[in-house]
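Peer 1: what shape does this take:
(2 chains)
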Amino acid sequence: MIPAGLIGAHLRRNRLRAALTAGSVALAVFLFCTLQTVITSLQAITSGHSANRLIASSAVSLFQTLPLASVERIRSARLPDVLEVGHWTWFDGIFRGDPREFFARFAVDVRQMRRQYGDLAPGGGEYLLTRAEWDRFEQERSACIVGRGLADRYGLRVGDPLVLEGTIYPGTFRFTIVAVYSSGNPTYDEETLFFHWDYLNEAMGRIDTVGTMSITIRNPYRAAEVCLEIDALFQNSANRTLTQPEAAFNAQFLSMWGRIDLLFAVIGGAVVFASFMITLNTMLLSVKERVREIGVLKTLGFPNPSLFGLYLAESALLCGGGAVLGLGLAMAAFHGQPVRLATVIFPEFGVAGSTQVAALLIGALLALISGVGPGLVAARVPIVKALRLV
Amino acid sequence: MAGAVLIAVRGVTKVYSRGGVDIRILDALDLDIAAGSYTALMGPSGSGKTTLLNLLGALDRPDAGAIVVGGEDITTFDDGALAAWRARTVGFIFQLYNLLPVLRAIDNVALPLQLFGLPRRERRRRAATALDLVGLGDRMEHYPSELSGGQEQRVAIARAIVTDPTFLLADEPTGDLDPTSSTGILDLLDQLHRDLGKTILMVTHSHTAAERAEQIVHLENGRIAPGEAA
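Peer 2: Next up, the predicted model:
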């Protein structure tokens, strides 16, 4: 039997200390959730891609372009597992005169994009537009489409003109927004602009180069063999390719961050440990301050397990309350909206279920560890010593 | 008023180690306390009065001997059984009151009733009755810090009697009070003994307080002083 009323009475008596202790736990859990959300979002980027697509880029560097002829080379090889070959080219550029206004811009083979990622792709594709919108995008040379998030961010609407100043490709590029796409797959963001590669190529005087090639294959279980087959086509050329599954290709960008997951895990662990030390210190101080009260409770007949339970319950209330608060703050702050960190756009930056469970477990663990020690001290202290009667 | 033997102390010895030296606080002590009696325990500092009180209240264990209360040798009880025994058998009154500062007077008094599984409403009703009995019916919602020393001791007495224990142990109950408050507390103990028939064992240095008791037991060097009836 835990002495009813004492837990609340003590927390009310030391409001500031209780608030600071719970606040430290809340802050620790919030930071843990934030760091963990970055990690799970990074992992989600690599896990949600089609297993039926390969990406071929220059074997020299991701930033090295390939000749358009490479696309035709793969098509003409008539490899039995290759169904479609398209290409994407990173445009970069400056929007509204401000280099900080960053979002992804790609020049694409629209017809192929539609067959691989649009309404003509098996299963409906990742970029959702109506048939009429795809038709219009395909037919108008200066047309572009933007994602829903991008449109919301800049107040862009269908029919609006959009101008980009080229950086990699010099010049002023004027587009008309013909559609706003939404994503049918959380791995694919709604923060990108797509326009015709032909438009870019003509403006550049037909340089006929592309960034990467996107290859749809028949059987994902043969992806490794097909990668080798494609790379073999360019083995003795000046433009060797590196072909890999789409998920592995995207993982390259994450690898640029280094062992960010390990770093974040270490930081998160350190923060939680600091919070544990604070909570434990608070609870031990509480035992020291209340040793006479412990003696009185024992004198009145409250058994040792009651005293143990009293401190465990107080710790649970402080740590549990803090953990729930921290998790709540994190969930309020990150509820699945797109977020850009450095060069990576997280289409869905939200606290994953596993992170929520982990946060609550951390709260429970903190409560247990912070409560058990003081609880044992309270349970074991002899009554006469607690009452200072000796 | 005194009846059959309620508490029988037989050959109780208690030794404390201080600075590597064993000090025999109680030395094969024998003592009988009759049911319904009011006993004052006197003696110089270090004579073992408080230690004896602690042993009688099962706050501590003797190194040797037996303490039989109502036919049960409490020295054979384990910690859990002792805690339950204390809750239903003994009411404690301390020199420094030992109220919990975070609880109001009524909640302090109702606290031990939680061990009897009573609903909150019933606990508060009984606590209010006890506070009325000690003359603090109008101070129930006050915190200890809002009460005088004498009032705090009355709350402590209300807490000691609210469970209707078999006997009361009072350790210098007036030791921290002014003369007026002391008289009030001694009058209250008299009333509990006289009207409710409570068995009271009181440790005191005060002859004035001791004179209120039916019998005075003197302790010297851990034994009953010569001439005292055991």
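Peer 1: what about the closest residue to chain B within the stretch 251-390 of chain A, how many neighbours?
Peer 2: Sorted by distance to chain B under C-beta to the nearest C-beta, the residues of the stretch 251-390 of chain A start with A:G301, at 2.5 Å. C-beta here means a position set from N, CA and C on the backbone, and glycine is covered the same way. Here the count is done by other C-beta atoms under 10 Å in any protein chain shown, and A:G301 has 25 residues near it.
Peer 1: what's the helix or strand for the residue in chain B positioned nearest to chain A?
Peer 2: Per C-beta to the nearest C-beta, B:A87 is where chain B lies closest to chain A, at 2.5 Å. The secondary structure element spanning B:A87 is helix B:79-89 (assigned by DSSP states H and E).
Peer 1: quick check: buried residues in that helix?
Peer 2: B:82-83, B:85-87, B:89 (16 or more other C-beta atoms under 10 Å in any protein chain shown).
Peer 1: quick one: which of those residues is nearest A:P161?
Peer 2: Of all the buried residues of helix B:79-89, B:A83 has the smallest distance to A:P161: 83.2 Å, by C-beta to C-beta.
Peer 1: for the closest one, give its distance to A:P303.
Peer 2: Summarising the geometry, the distance separating B:A83 from A:P303, computed by C-beta to C-beta, to the nearest Å, is 4 Å.
Peer 1: for A:L120, same thing?
Peer 2: Separation of A:L120 from A:P303 (C-beta to C-beta): 75 Å.
Peer 1: of the two, give the one with the bigger neighbour count.
Peer 2: Neighbours per residue, other C-beta under 10 Å: of A:L120 and A:P303, the larger number sits with A:P303, 21 against 16.
Peer 1: so that one sits against B:R86, correct?
Peer 2: No: A:P303 is beyond contact range of B:R86, at 9.7 Å (criterion: C-beta atoms under 8 Å).
Peer 1: residue contacts, the residue nearest the centre of chain B?
Peer 2: Here the mean C-alpha position of chain B is nearest to the C-alpha of B:L169 (C-alpha atoms, centre = their mean), at a distance of 1.4 Å. Taking C-beta atoms under 8 Å, 6 or more residues apart in numbering or on different chains as the definition of contact, the neighbours of B:L169 are B:53, B:56-57, B:90-93, B:201-202.
Peer 1: narrow these to those in helices?
Peer 2: With helices taken from DSSP state H, the overlap with those comprises B:53, B:56.
Peer 1: list the buried ones in the longest helix along chain B?
Peer 2: As assigned by DSSP H, the longest helix anywhere in chain B is helix B:179-196. Buried residues in helix B:179-196, defined by neighbour count with 16+ other C-beta under 10 Å: B:181-186, B:188-189, B:192-193.
Peer 1: surely B:A28 is in a helix?
Peer 2: No: note on B:A28: no helix contains this position according to DSSP: H, G, I helix; E, B strand; the rest coil, which reports strand.
Peer 1: please list the residues of chain B that sit near chain A.
Peer 2: Taking C-beta under 8 Å from any C-beta of the partner chain as the criterion, the neighbours of chain A within chain B are B:16, B:50, B:54, B:57, B:59-60, B:79-80, B:83-88, B:92, B:94, B:98, B:100-103, B:107, B:111-112, B:114-115, B:120, B:159, B:171.
Peer 1: among those, which ones are buried?
Peer 2: Of the members of the residues of chain B next to chain A, the ones counted as buried by neighbours, 16+ other C-beta under 10 Å, are B:50, B:54, B:57, B:59-60, B:83, B:85-87, B:92, B:94, B:98, B:100, B:102-103, B:107, B:111-112, B:114-115, B:159, B:171.
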